[in-house]
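Engineer: got a sequence here, can you model it:
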Amino acid sequence: MEECFKQSREAFALNERKLAKQLSLRGEAYKDNMVRLDKEASTKIFQENNQKCKPNTVDLHGLHVPEALSYFEKAVQEAQEHRELLLRVIVGKGNHSDGNIPKIKPAIQARGESGSVQ
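Structural biologist: Sure, this is the predicted structure:
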């Protein structure tokens with residue numbers, strides 16, 4: 001993908017506009033495919049992690065932060081709809097993050113503290 005965009009910029013600089021456009025479109029197709037595959041993977045990870053969870057529990061470990069936040073917000077909404085007083089959130093320890101530093105937990109805590117979760 002990045003190589004296509006790089007080659008597109010180079011072709012554009014050489015005034016080869018048709019080639020630049022083709023390479024750009026190919027890069028966009030790769031990017032769209034990557035986004036689709038990432039979404040499929042996160043859905044499978046989430047489903048696998050949550051298939052045995054209790055109704056008031058959501059397991060977010062193994063996801064990227066934006067995906068985890070999205071699933072967290074859905075879980076909060078579901079909990080509110082079912083009038084649950086408690087939502088148990090599993091975030092993992094960060095063992096697979098760069099430097100083994102947790103990323104999901106601080107993001108979830110920040111979302112809760114920002115007041116966007118009631």
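Engineer: and the strands in this structure?
Structural biologist: All strands of the chain, identified by DSSP state E, fall at 57-59, 88-90.
Engineer: would TSV of those strands with distance to K39, mean neighbour count and mean pLDDT be doable?
Structural biologist: Every C-beta, even on glycine, is put in place using the N, C-alpha and C of the backbone. As requested, the strands of the chain are arranged in TSV below (distance: least, CB to CB, whole Å; neighbours: other CB atoms under 10 Å; pLDDT from 0 to 100):
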stretch	distance to K39	mean neighbour count	mean pLDDT
strand 57-59	18	20	96
strand 88-90	21	16	94
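Engineer: of those, which is nearest K74?
Structural biologist: strand 57-59 (8.3 Å; CB to CB).
Engineer: that closest one pairs with which strands, parallel or anti?
Structural biologist: Applying DSSP bridges, strand 57-59 is found paired with strand 88-90 (parallel).
Engineer: so what touches the partner strand?
Structural biologist: Outside strand 88-90, the residues that touch it by CB atoms under 8 Å, 6 or more residues apart in numbering are 49, 53-54, 56-61, 72, 75, 108.
Engineer: in those residues, find the pair that's most separated.
Structural biologist: The largest separation in the contacts of strand 88-90, counting by CB to CB, is between K54 and I108 at 18.2 Å.
Engineer: compare neighbour counts for the two and give me the winner.
Structural biologist: More neighbours surround I108 than the other of K54 and I108, with 20 against 8 (other CB atoms under 10 Å).
Engineer: not counting residues beside it along the chain, what's closest to the residue nearest the centre of the chain?
Structural biologist: The centroid of the chain falls nearest to E67 when counting by CA atoms, centre = their mean (3.0 Å). Once flanking residues are discounted, E67 sits nearest to S42: 4.4 Å by CB to CB, 6 or more residues apart in numbering.
Engineer: same question, L86
Structural biologist: In space, L86 is closest to N56, 5.8 Å off (CB to CB, 6+ apart).
Engineer: I'd like the distance between the one you found and K6.
Structural biologist: Look at N56 and K6: by CB to CB, to the nearest Å, they are 48 Å apart.
Engineer: more crowded one of those two?
Structural biologist: When neighbours are counted by other CB under 10 Å, N56 and K6 differ, and N56 comes out ahead with 15 against 12.
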